[in-house]
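Visitor: Need a 3D model of the sequence below.
(one chain, ligands or ions: 1)
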Amino acid sequence: MQDDYQKTLEEAQTKIGACADATGLKAIEREYTGKDGVVQALLASIPSLPPEERRGVGQGANQLKQAVLEALAGRESELAQVSLAAERKGEGYDPTLPPAAVQRGSLHPVTMVMREVEDLFQSMGYSVLDGPEVELDYYNFEALNFPPDHPAREEYDTFWCDREGKLLLRTHTSPVQIRTLERLKPPIRAIVPGRVFRHEELDASHEHTFHQVEGLVVDEGVTVGHLTGTLKSFLRELFQRDLDVRLRPGYFPFVEPGFEFDIRCPFCEDGCRVCSKTTWVEFCGCGMVHPNVLRAGDVDPEKYTGFAFGFGLDRLVMLRYGIDDIRHFMGGDLRFLEQF
Ligand code: PHE
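Guide: Numbering: from 1, shown residues only. Purely as a prediction, here's the structure:
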């Protein structure tokens, strides 16, 4: 009996010694110590043996198992030594193998168009400014000529940050008009791209967080002609062609006169889904800076005039790339983002 174990063990040791890789060793381990292995078969035979033989077979099986596992462990560390030595000598090093692929991110489509807009205005001599997203009621409304309880405040579904009604998430980028007038002296030529927030009913064209680009120009002798000329040059560069535009009267307390600035639909000639069959697309609100706003920024309205505009960036990005739902922008779906 003892001889049988010895023979089985020697067989196993020979196989292990001849094996040169980890998968092979795993297979041998299974063959001897696995569920259907040699050792298990010996143990399973015990109940059918005469009682005086049972103990010996049990011990033999366990010793066999131990010895096989030791041989396996020994061979494994031998193989590790060999491969380490080979690596140190530079064997198997192939400098022509391609490197592991690096996963690169890409810019968000809103970021891409935002940068393009910044470049275009910078080429016209504008500075790119910034302002806080959590804003004081004073800058978001009051200094922009919305007194407390003014009905125009209803146009902006505001997220309030405190119970006193002093702090809010800015509903537009216009508060930076006041901050800019406070800090800089005319002549001023600036745009302010940034995130804005409104408590909207969410659907394919409304998000609680979106992007605007504010424009502010203040100098002596600035007129509505400068306003339309600037927006037309900007749009010509952006769409690479001349688009018809029109001004309609529009009300914003911080401009006077105030306008809605429309562009001829860039996608059709006789009406489509994008322009709701009207051939016009609303582009932005704009107008001449209200004297009260200039005063709030300590600029003399007798000496200086200015224009301001504010357009939504997200819609422009949607027009540009044919995106049909604004909620994709913040959905975090990589399959959407990887397309840009
Ligand atoms: N801030 C306005 C809005 O969000 C747009 C605007 C900006 C209008 C500047 C006039 C001048 O609706």
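Visitor: Skipping adjacent residues, who's closest to whatever residue of the stretch 101-250 of the chain ends up closest to the ligand in space?
Guide: Per Cβ to the nearest ligand atom, the residue of the stretch 101-250 of the chain with the smallest distance to the ligand is residue 172, at 3.4 Å. Where C-beta positions appear, they are placed from N, C-alpha and C, glycine not excepted. In this structure, residue 172 finds its nearest non-sequential neighbour in residue 196, 5.4 Å apart by Cβ to Cβ, 6 or more residues apart in numbering.
Visitor: So which residue of this protein lies furthest out from the middle?
Guide: Residue farthest from the centre of the chain, counting by Cα atoms, centre = their mean, is residue 52 at 74.2 Å.
Visitor: Where does it sit: helix, strand or coil?
Guide: Secondary structure of residue 52, reduced to three states by DSSP: H, G, I helix; E, B strand; the rest coil: helix.
Visitor: can you confirm the residue nearest to residue 172 is in a strand?
Guide: Yes: under three-state DSSP, residue 196 falls within a strand.
Visitor: burial of the residue nearest to residue 169 when sequence neighbours are not counted, as a residue count?
Guide: Spatial nearest neighbour of residue 169, excluding adjacent residues (Cβ to Cβ, 6+ apart): residue 197 at 3.8 Å. Counted with other Cβ atoms under 10 Å, residues neighbouring residue 197 total 21.
Visitor: How about residue 68?
Guide: Neighbour count of residue 68, defined by other Cβ under 10 Å: 24.
Visitor: That one sits in which helix or strand?
Guide: helix 51-89 (DSSP states H and E).
Visitor: after that helix, next one along is what?
Guide: Beyond helix 51-89 in the direction of the C-terminus, DSSP H and E gives the next helix or strand as helix 109-123.
Visitor: so what strands line up beside the next helix or strand after that following helix?
Guide: Going down the chain from helix 109-123, the next helix or strand is strand 127-128, by DSSP H and E. Within its sheet, strand 127-128 is paired with strand 188-197 (parallel), according to DSSP bridges.
Visitor: Now do the strand it pairs with against helix 109-123: the angle between them, please.
Guide: 170 degrees (axes from the mean of the first three to the mean of the last three Cα atoms, to 10 degrees).
Visitor: Can I get strand 188-197 in PDB, CA atoms only?
Guide: As requested, the backbone C-alpha atoms of strand 188-197 are provided in PDB (Å, rounded to 0.1, in the frame of the first residue of the first chain):
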ATOM      1  CA  ILE A 188     -15.300  98.200 -21.400                       C
ATOM      2  CA  ARG A 189     -15.600  95.400 -23.900                       C
ATOM      3  CA  ALA A 190     -16.300  92.000 -22.200                       C
ATOM      4  CA  ILE A 191     -18.100  88.700 -22.500                       C
ATOM      5  CA  VAL A 192     -19.000  86.500 -19.600                       C
ATOM      6  CA  PRO A 193     -19.600  82.900 -20.300                       C
ATOM      7  CA  GLY A 194     -21.000  80.800 -17.500                       C
ATOM      8  CA  ARG A 195     -23.400  78.500 -15.800                       C
ATOM      9  CA  VAL A 196     -26.900  79.700 -14.800                       C
ATOM     10  CA  PHE A 197     -29.700  78.000 -12.900                       C
END
